[in-house]
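K.L.:
Build me a model:
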Amino acid sequence: MSELLLSPAEARVLASLVEKSITTPQYYPMTVNAIMLAGNQKTSRSPVMSLTEGEVGNALNRLEELKLVARDSFSARAQKYRHQFSPQLLLKPQTAAILATLMLRGPQTLAELRANGSGLGGPTEGEALAAALNDLADRAQPLVVLLPRAAGQKEARYAHTLCGDAAGAEWAEPEVPAARPDPGALAALEARVQALEARLADLEALIK
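P.N.:
Got it, this is the predicted structure:
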């Protein structure tokens, strides 16, 4: 599809549909009112928004035009909606989870993405997370950027670009967290060093 630019309301509505389809599938697809409540949650949202039913309806209409949302043909009474997030943006499940997490919670560090994205099926291993971020970045229209580290921040943060070029930041290669040493491997190495030291001491004794 051509370059995609969403309003903050459209991004929140779309990401809320993605989230609820995973976390509460029994209440999916969703009505306009349910989507409004999901978008305006006070937790797991940054920034917190106060979307009206009309704003959600307008967002759904545009998302429907972009083929990112579709009306559910099986709705009996109130009209309900489904997202078409992954097929339209060509996203794998773990990659979709990371992008939706950024759309719901704003810029985040690698550690925050691992923790917050896991509830949507996102990767929890460093290499898999880096691969998902690279997938989102290595496109004709990059969908994520690595923001410059702000004063007082220990780690850089990642942001989505579906609402525009996040502060004009350029993409940088995702950092792959260093692997933690394996205690068992360290113990084996120490034992091997001790054995070599003992053999060396025996050889020195024979020479003398």
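
K.L.:
Show me the contact partners of the host helix or strand of Ala9.
P.N.:
Assigned by DSSP states H and E, Ala9 belongs to helix 8-23. Taking contacts as C-beta atoms under 8 Å, 6 or more residues apart in numbering, the residues outside helix 8-23 that touch it are 6, 27-30, 34-35, 38-39, 45, 49, 51, 55-56, 58-60, 62-63, 68-69, 81-83, 85, 96-97, 100, 103-104, 119-121, 160, 162-163. The C-beta positions use only the backbone N, C-alpha and C, and glycine is treated the same way.

K.L.:
Can you give me the buried ones in that helix?
P.N.:
Counting neighbours by 16 or more other C-beta atoms under 10 Å, one finds that the buried residues in helix 8-23 are 9-21.

K.L.:
Stretch 143-161 too?
P.N.:
Buried residues in stretch 143-161, counted by 16+ other C-beta under 10 Å: 143-147, 156-161.

K.L.:
What average pLDDT does stretch 117-124 get?
P.N.:
pLDDT averaged over stretch 117-124 equals 96, rounded to a whole number.

K.L.:
Also stretch 18-35?
P.N.:
When pLDDT is averaged over stretch 18-35, the result is 97.

K.L.:
Repeat that for stretch 135-154.
P.N.:
For stretch 135-154, mean pLDDT is 92.

K.L.:
same question, stretch 74-82
P.N.:
Across stretch 74-82, pLDDT averages out at 86.

K.L.:
Counting neighbours, what do you get for the closest residue in space to Ala9 that isn't next to it in sequence?
P.N.:
Taking C-beta to C-beta, 6 or more residues apart in numbering, and ignoring the residues beside it in sequence, Ala9 has Ala59 as its nearest neighbour in space, at 4.6 Å. If you count neighbours by other C-beta atoms under 10 Å, Ala59 ends up with 25.

K.L.:
so where does Ala59 fall, helix or strand?
P.N.:
Counting by DSSP H and E, the secondary-structure element that holds Ala59 is helix 53-65.

K.L.:
May I see the buried residues of that helix?
P.N.:
Within helix 53-65, the residues that qualify as buried by neighbour count (16+ other C-beta under 10 Å) are 55-56, 58-60, 63.

K.L.:
and which of these is nearest to Leu91?
P.N.:
Of all the buried residues of helix 53-65, the one sitting nearest Leu91 is Leu63; the distance, using C-beta to C-beta, is 15.4 Å.

K.L.:
what's near enough to touch the closest residue to that closest one other than its chain neighbours?
P.N.:
Nearest residue to Leu63, sequence neighbours excluded (C-beta to C-beta, 6+ apart): Val69, at 3.9 Å. By C-beta under 8 Å, 6+ apart, the residues touching Val69 are 13-14, 17, 60, 63, 81-84.

K.L.:
give me that answer again for 7 Å
P.N.:
Contacts for Val69 (C-beta atoms under 7 Å, 6 or more residues apart in numbering) come out as 14, 17, 60, 63, 81-84.
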